[in-house]
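# Here is a sequence with its predicted model. Questions after.
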Amino acid sequence: VYFLTILFYICTLAIRHNKAGKGNINIHVDENIFSISNTGKTDSINADKIFRRFSRTSEEKKGNGPGLSIVRQVCKFHGWNIEYKDTLHVFVIKFDQA
């Protein structure tokens, strides 16, 4: 159930922040890793704001910004780690190997 909640939020954000019309979303699943990326704007994502509740990285998009904050809290609760790579549009969740 928790992973489905995370999957819903991350996929929704990947769609919402993707290029309109011709964007791509890539999902990779490995034994203990889930990653998702999109072809959003090439602007860097603000590292100070990305996981902060009610903080948006773009004023152009709808939403009030709690999605990644919720995802991070659920991951933290389960001992999982979420990070984004290259300060762009790649998010990786590493699951506890216990």
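Okay, I see it.
# Need the pLDDT of Glu60.
If you check Glu60, the pLDDT there is 62.
# Next, count neighbours for Phe91.
A count of neighbours around Phe91, defined by other CB atoms under 10 Å, yields 20. For glycine as for every other residue, the C-beta is placed from the backbone atoms N, C-alpha and C.
# Helices along this protein, start to end?
2-16, 67-77 (DSSP state H).
# Is it possible to get a markdown table of those helices that adds mean neighbour count, distance to Lys41 and mean pLDDT?
Shown next, in a markdown table, are the helices of the chain (neighbours: other CB atoms under 10 Å; distance: least, CB to CB, whole Å; pLDDT from 0 to 100):
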| stretch | mean neighbour count | distance to Lys41 | mean pLDDT |
| --- | --- | --- | --- |
| helix 2-16 | 15 | 12 | 87 |
| helix 67-77 | 17 | 16 | 86 |
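# Same list (those helices) but as CSV, adding distance to Phe95.
Below are the helices of the chain laid out as CSV (distance: least, CB to CB, whole Å):
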stretch, distance to Phe95
helix 2-16, 9
helix 67-77, 9
